[in-house]
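S.K.: The following comprises the amino acid sequence and a computationally predicted model.
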Amino acid sequence: MSEEVTSKKIEVLNTTKIFGKNHKRAAQLLSEGKSKGEILKATGATVGVKNASFDVFEGEIFVIMGLSGSGKSTLVRLLNRLIDPTMGKILLDGEDIVQMNKEQLRQVRRKKIGMVFQNFALFPHKTILENTEYGLEIQGVAKEERKAKATESLRLVGLAGYEDQFPKQLSGGMQQRVGLARALANGPDILLMDEAFSALDPLIRKDMQDELLQLHHDMGKTIIFITHDLDEALRIGDRIALMKDGEIVQIGTPEEILMSPSNKYVERFVEDVDLSKVLTAGHIMKKADTVQVDRGPRVALRLMERLSISSIYVVDKGNRLIGAVTAQDAVQASESGKTLEEVLITDLSVVPPETVLTDLFDIVSTATIPVAVIDESKKIQGIIIRGALIGALAGDDQFINSDGTVDSVEEKDAEVALHE
Amino acid sequence: MNNLLPRLPFADWIDEGVDWLVTTFGTVFDSIADVLAGIVEGAVDGLDMVPSIILAVLFALLAWLISTRRIALFSLVGLLFIDYLGYWHPMLQMLALVLTSVVIALVIGIPIGIWGSQQAMARKVINPVLDLMQTMPAFVYLLPAIFFFNIGVVPGVVASVIFSMPPTIRLTMLGIEQVPKDLIEATEAFGSTTWQRLIKVQIPLAKPTIMAGVNQSIMLSLSMVVIASMVGAPGLGEEVYRAVTQLKTGVGFETGLSIVIVAIILDRITQHAGKKKQGGNTL
């Protein structure tokens, strides 16, 4: 995703929020490098967000993650100034919202930013349709038009037919769909989602994540998503900012966060991640030993002997996988003068590199020949051996390729040629 | 002790203040008195033109519309019983006094409550004033009320307004403040103006609490009718007062019971008005 986007939608520059009366003194202490705890002791002021700087690109899902009290909810509220920052700049499409007057800010909230809340925050005295219409109603949009937009928005989230119900009559998941529809009805560029799915049970939550991803794919909004759940962050985030004690400790793609935690805190945070859902075939594959098909069975046999393996992948000149051959078959072929092609096993298990480990278990457990990882052009990327799969699940770094690729297999070929 | 500090003549100051108000704004108070007396007496005259049975039935229908059939039935029987006892006219006079006081209390009190809910500073001023209004013995302000508005129904109305307004103000403030914070955030996040937030979300959600305040105001206003009768306000209160001063225990109970019947009717009807119409909330 991130390669496609170019323009910065939101730029947050050195933004700080200090709660409490004595915030000037606290700001000074902060600039002297005092910790949150020391400042609280000295001034009674609480540092909510400390010197946050980041960019959110147009069309991405930017996740802000942290435990409760880490300042993530404060940070997201700075973006539409539900909370005013103490210091710093927040540029929205290049305009500093911190400098805006009330009316300008109201227009930004009405047109550009929609918000979805943790506990839904639906108006209990209004019907689902009236709730969804709210943003348009306060802008003075004509009744027919806002009804049409709200109905469409409800349809998008799968709630057509519930227009005349009241929020209390719906389940949590459905209520949050209304929350989402209400935010979408205004047609904002940016959606702020504050722990939007945290109050939902796990199954509903997963559905909602899927639907959000689908909506995001269809509508291309910029989404800033707050969560305390790393699995959720990894699942939906294009990029993740990890917060601790009001500070952003690391910003990166899910993979960067997982594979190269910038400090002990991030490391601890990610250590409990269900690796089988995050790591992919690309992460655990090993270099594949291959032989070009026109080399013949003797070369294949010799390679297998040297590497002490019982089967080898056979590729064409373009390094595209065409099959595999076992040592037994190779012996037979060389004795009876057959070509490699004639003894080729072609019904191999192959997977693309982005397959997550959960989906690999079954294939790997039943395959007699190690599973091959191939790209779209059928070029072989690597193979998966059972030991690496188990080792990676145990979190053992030696089995995990940090960048998701292995060195090209071509040099292996060169090596083989030399041996001949 | 007395000699350590000079005794400040607070009482004299207040007397002088009242005198000054009466002489300076006499005409203003007179016209206010005329208007109020006109409203109350007009209401009584209007109600008097309707035969008691028809009025009782109309009341019962109103009760049915707003609350339940049981309360409608109680209203019908109760009102006819008052008529049977012969207190119909004083009852109407009392009703006019109470309703006028309550309407004035609401018209002034609800906006003050809304104002107080929006500004912490306003709340700091309003709360002690409300304490004063509720605890200052009614007789104390009844006296200057007579200076301002003469004897009659008007000082009665004024005393009732003062005594009955605090719950409406307090419960309006409470109701609005109790609207969950995340709903307020939602209104803000969508770009509502303060006014839109109040009208579309806070006040509708505060309505049951505000109605509880209205209910309390009506009850307090009813409890003032006997005191109001001491400054010449007519009605059931006057009947009670007379019965008590003439040591007529039986008549006292009859009239007292009539007040109770009216109180129960008004209480049940207003309680229901607060509970109804909350859509999904009842589920």
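M.R.: It's in.

S.K.: Any stretches of the stretch 1-150 of chain B with poor pLDDT?
M.R.: B:1-3 (pLDDT under 70).

S.K.: And the residue of it that's closest to chain A?
M.R.: Residue nearest to chain A within the stretch 1-150 of chain B: residue B:120 (14.3 Å; Cβ to the nearest Cβ). Bear in mind the C-beta positions are built from the backbone N, C-alpha and C, glycine included.

S.K.: tell me, how many neighbours does that residue end up with?
M.R.: A count of nearby residues for residue B:120, using other Cβ atoms under 10 Å in any protein chain shown, gives 8.

S.K.: does residue 34 count as helix, strand or coil?
M.R.: I'll assume chain A. Secondary structure, DSSP: H, G, I helix; E, B strand; the rest coil: residue A:34 is coil.

S.K.: burial of the residue lying closest to it once chain neighbours are set aside, as a residue count?
M.R.: Leaving aside its sequence neighbours, residue A:34 sits nearest to residue A:42 (Cβ to Cβ, 6 or more residues apart in numbering or on different chains; 7.4 Å). Each residue near residue A:42 was counted by other Cβ under 10 Å, and the total is 13.

S.K.: Can you get me a residue count around the residue lying closest to residue B:87 once chain neighbours are set aside?
M.R.: Spatial nearest neighbour of residue B:87, chain neighbours left out: residue B:258 (4.9 Å); criterion: Cβ to Cβ, 6+ apart. Neighbours of residue B:258 under the rule other Cβ under 10 Å: 25.

S.K.: quick one: the helix or strand where residue B:258 lies to chain centroid distance?
M.R.: Under the criterion of DSSP states H and E, residue B:258 resides in helix B:249-275. Centroid separation for helix B:249-275 versus its chain: 14 Å, with Cα atoms, centre = their mean, to the nearest Å.

S.K.: before we move on, what about stretch B:84-93?
M.R.: 20 Å.

S.K.: List the buried residues of it.
M.R.: Across stretch B:84-93, burial judged by 16 or more other Cβ atoms under 10 Å in any protein chain shown covers B:87, B:88, B:89, B:90, B:91, B:92, B:93.

S.K.: Could you pick out which of those are located in helices?
M.R.: B:88, B:89, B:90, B:91, B:92, B:93 (DSSP state H).

S.K.: was I right about the third one contacting residue B:241?
M.R.: No - counting by Cβ atoms under 8 Å, residue B:90 does not reach residue B:241; the two are 11.1 Å apart.

S.K.: Tell me how far the residue nearest to residue B:87 lies from chain A.
M.R.: 38 Å (Cβ to the nearest Cβ, to the nearest Å).

S.K.: my read: that residue touches residue B:236, true?
M.R.: Yes - using Cβ under 8 Å, residue B:258 is in contact with residue B:236, at 5.6 Å.

S.K.: Now for the two: what residues contact both?
M.R.: B:87, B:90, B:91 (Cβ atoms under 8 Å, 6 or more residues apart in numbering or on different chains).

S.K.: Show me how chain A divides into domains.
M.R.: Split into domains by automatic domain parsing, chain A comes to A:8-112+A:188-273, A:281-419.

S.K.: So which bits of stretch A:371-383 are buried?
M.R.: For stretch A:371-383, using 16+ other Cβ under 10 Å, the buried residues are A:371, A:372, A:373, A:374, A:379, A:380, A:381, A:382, A:383.

S.K.: How about residues contacting it?
M.R.: Residues contacting stretch A:371-383 (Cβ under 8 Å, 6+ apart): A:281-282, A:285-290, A:313, A:315, A:318-321, A:324, A:348-353, A:355, A:360, A:363-364, A:370, A:384, A:405-406, A:409.

S.K.: relative to helix B:249-275, how tilted is the host helix or strand of residue B:71?
M.R.: In the assignment (DSSP H and E), residue B:71 maps to helix B:69-85. If you take axes from the mean of the first three to the mean of the last three Cα atoms, to 10 degrees, helix B:69-85 sits at 150 degrees to helix B:249-275.

S.K.: May I see the buried residues of helix B:69-85?
M.R.: Buried, per 16+ other Cβ under 10 Å, within helix B:69-85: B:71, B:72, B:74, B:75, B:76, B:78, B:79, B:80, B:82, B:83.

S.K.: repeat for stretch B:133-152
M.R.: Neighbour-count burial for stretch B:133-152 [16+ other Cβ under 10 Å]: B:133, B:138, B:141, B:142, B:144, B:145, B:146, B:148, B:149, B:152.

S.K.: Same question for stretch A:79-86.
M.R.: Within stretch A:79-86, the residues that count as buried by 16+ other Cβ under 10 Å are A:79, A:80, A:81, A:82, A:83, A:85, A:86.

S.K.: Show me the subset of the residues you listed that also lies near chain B.
M.R.: When contact is defined as Cβ under 8 Å from any Cβ of the partner chain, these meet chain B at A:80, A:82.

S.K.: gap between the helix holding residue B:71 and the chain center?
M.R.: That offset, for helix B:69-85, works out to 23 Å (Cα atoms, centre = their mean).

S.K.: what does stretch A:170-183 give?
M.R.: With Cα atoms, centre = their mean, you get 23 Å for stretch A:170-183.

S.K.: List of residues touching it?
M.R.: A:114-117, A:120-122, A:128, A:131-132, A:134-135, A:150, A:153-154, A:156-159, A:162, A:167, A:191, A:196-197, A:199-201, A:204, A:207-208, A:212, A:215, B:190.

S.K.: The same query, at a cut-off of 7 Å, please.
M.R.: A:114-117, A:120-122, A:128, A:131-132, A:134-135, A:153-154, A:156-159, A:162, A:167, A:191, A:196-197, A:199-200, A:204, A:208 (Cβ atoms under 7 Å, 6 or more residues apart in numbering or on different chains).

S.K.: can you tell me the average pLDDT over it?
M.R.: The average pLDDT within stretch A:170-183 is 92.

S.K.: For the stretch 1-150 of chain A, which segments are assigned as helices?
M.R.: Under the criterion DSSP state H, counting those that start in this stretch, the stretch 1-150 of chain A contains helices at A:23-31, A:36-43, A:72-79, A:102-111, A:128-137, A:143-156.

S.K.: now swap in the stretch 51-200 of chain B and tell me
M.R.: Using DSSP H, counting those that start in this stretch, helices in the stretch 51-200 of chain B cover B:52-66, B:69-85, B:88-118, B:120-135, B:138-149, B:153-177, B:181-189, B:194-196.

S.K.: What parts of chain A come near chain B?
M.R.: Residues of chain A lying near chain B by Cβ under 7 Å from any Cβ of the partner chain: A:80, A:82, A:106, A:109-110, A:115, A:117, A:119, A:121, A:123-125, A:134-135, A:138, A:166-169.

S.K.: which of those residues count as buried?
M.R.: A:80, A:82, A:106, A:109-110, A:115, A:117, A:119, A:121, A:123-125, A:134-135, A:138, A:166-167.

S.K.: This completes my enquiry, with thanks.
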